[in-house]
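**Q** Could you work out the structure for the sequence below:
(one chain, ligands or ions: 3)
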Amino acid sequence: MPAMLTDVFRGHPIHLPHSHQPDFTSLRELPDSYKWTPKDDLLFAAAPSPPTTGENIPLIDLDHPDAANQIGHACRTWGAFQIANHGVPLGLLQDIEFLTGSLFRLPVQRKLKAARSETGVSGYGVARIASFFNKKMWSEGFTITGSPLNDFRKLWPQLHLNYCDIVEEYEEQMKKLASKLMWLALKSLGVSEEDVEWASLNSDLNWAQAALQLNHYPVCPEPDRAMGLAAHTDSTLLTILCQNNTAGLQVFRDDLGWVTVPPVPGSLVVNVGDLFHILSNGLFKSVLHRARVNQTRARLSVAFLWGPQSDIKISPVPKLVSPVELPLYRSVTWTEYLRTKATHFNKALSMIRNHREE
Ligand SMILES: C=C1C[C@]23C[C@@]1(O)CC[C@H]2[C@@]12CCC[C@@](C)(C(=O)O1)[C@H]2[C@@H]3C(=O)O
Ligand SMILES: O=C(O)CCC(=O)C(=O)O
Ligand SMILES: [Fe+2]
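**A** Numbering: from 1, shown residues only. Ligands and ions are numbered 1, 2, ... in the order given. The predicted structure follows:
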């Protein structure tokens, strides 16, 4: 039985001080431990794209006949795009946003009842990547893998079953959408289901698994010096992000710097993760992104982090490899990759890169 996402960090404990999580609303000044400088993150001060260039990740209508090519182009140039007409009911997006808001409005002591353990994936706390930075991030998170029942019972003794239903329905919809997006993107490269062995053997989506990451970025007294979620790439095949109507997500482009992704009501943001970069033999860009905060409005986001079951080995699709286009990466399971990332963070991709023989 392969390790499930839930067990990924068993034997790989990490000490993160969730219990020191402050009551953000009570802080009138930004404590020094939350003040970021370029020393704390080399890209902290990287120039943002001037708003006049108007360059931004594309908004793609999934009903458009050319959607596959538009998605492929976005994956190659940005590693991110927004989608409209995605088929996920608006009411469900509102429900998951409501659930997220209700969760983070709970008193800190209640949230800590469901704190993530040192070897766990699920629960309340700071993002796992926090361990790589000297400064703290102005955010709190809640990760869900598998059933949230046990955690939700601790958070909402009365209402937990309603909230579990919302998560189940949301994950169901996201699973279908993520798979559709992956095949549309691959289609743009001339790759179909028959070309991807592990998927064609399991066409009913049983080859996939996911985590749901709920994020809260409270109002911040000094947003220019704070960081909501530090720059990172996701380890996933694809991540689908639902953000409330407050801007904060930024994506990085070498030629443009940091570009803010504007919230578009009813749309969803899609990020290419490291595993899709590997699968596409480097053609799709695993996008570096981060979340900034602001002084007037709290921000919520819900990330659906989607990847393969833990026994599936991901490697460049054979059709995209040739004597001139050598496979850039060796094969890796999601579990192996998450563990590599937990140790080497932004060096993880280069750890599994094949080095060309001289
Ligand atoms: C499946 C996963 C991806 C993730 C690590 C995790 O085990 C669960 C949380 C995910 C998340 C969300 C916030 C950013 C991120 C880098 C992190 O620290 O936790 C991602 C992880 C990832 O994609 O590597
Ligand atoms: O809140 C956001 O916009 C980004 C969240 C994110 O990157 C993540 O959860 O992995
Ligand atoms: Fe992310």
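
**Q** where does the stretch 1-150 of the chain have low pLDDT?
**A** 1-3, 17-19, 51-52 (pLDDT under 70).

**Q** Show me where it has its strands.
**A** With strands called from DSSP state E, counting those that start in this stretch, the stretch 1-150 of the chain shows them at 59-61, 80-84, 123-125, 140-144.

**Q** just so I know, which of those strands lies nearest ligand 2?
**A** Comparing those by their distance to ligand 2 (C-beta to the nearest ligand atom), the top pick is strand 140-144, with 7.2 Å. All C-beta atoms are positioned from the backbone trio N, CA, C, and that covers glycine.

**Q** now what about the closest one, what contacts it?
**A** 21, 24, 100, 103-104, 111, 114, 116, 121-127, 151, 167, 211-216, 218 (C-beta atoms under 8 Å, 6 or more residues apart in numbering).

**Q** and Gly146, how many neighbours?
**A** Other residues near Gly146 number 13, with proximity taken as other C-beta atoms under 10 Å.

**Q** let me redo that: Ile129
**A** 17.

**Q** Name the residues linked to Gln82 by a beta bridge.
**A** Leu59, Val269 (DSSP bridges).

**Q** What is the neighbour count of it?
**A** 21.

**Q** what residues are up against it?
**A** Ile57, Pro58, Leu59, Ile60, Val261, Val264, Ser267, Leu268, Val269, Val270.

**Q** For Pro265, see how far away it is.
**A** 11 Å (C-beta to C-beta, to the nearest Å).

**Q** same thing with Pro308?
**A** 32 Å.

**Q** more neighbours, these two?
**A** Pro308 (21 against 9).

**Q** Got the confidence number for the more buried one?
**A** Per-residue pLDDT puts Pro308 at 96.

**Q** go on, the one 10 residues further on?
**A** Per-residue confidence for Pro318 comes out at a pLDDT of 97.

**Q** which phi and psi does it have?
**A** phi -50, psi -40 (degrees, to the nearest 10).

**Q** and the angle from the lengthiest helix in the chain to strand 80-84?
**A** Ranked by number of residues, the top helix in the chain under DSSP state H is helix 160-187. Taking axes from the mean of the first three to the mean of the last three C-alpha atoms, to 10 degrees, one finds helix 160-187 and strand 80-84 inclined to each other by 110 degrees.

**Q** Which strands or helices does helix 160-187 pack on?
**A** helix 67-77, helix 90-105, helix 149-155, strand 208-217, strand 238-243, strand 299-308 (3 or more C-beta pairs under 8 Å, 6 or more residues apart in numbering; DSSP states H and E).

**Q** Alongside ligand 2, which residues does the stretch 251-358 of the chain contribute?
**A** Neighbours of ligand 2 within the stretch 251-358 of the chain, by C-beta under 6 Å from any ligand atom: His289, Ala291, Ser301, Ala303.

**Q** Adding pLDDT, neighbour count and distance to Trp207, write those out as JSON lines.
**A** Shown next, in JSON lines, are these (pLDDT from 0 to 100; neighbours: other C-beta atoms under 10 Å; distance: C-beta to C-beta, whole Å):
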{"residue": "His289", "pLDDT": "98", "neighbour count": "23", "distance to Trp207": "26"}
{"residue": "Ala291", "pLDDT": "98", "neighbour count": "25", "distance to Trp207": "30"}
{"residue": "Ser301", "pLDDT": "98", "neighbour count": "25", "distance to Trp207": "27"}
{"residue": "Ala303", "pLDDT": "98", "neighbour count": "25", "distance to Trp207": "21"}
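
**Q** quick check, nearest of the residues you listed to ligand 1?
**A** Ala303 (6.0 Å).
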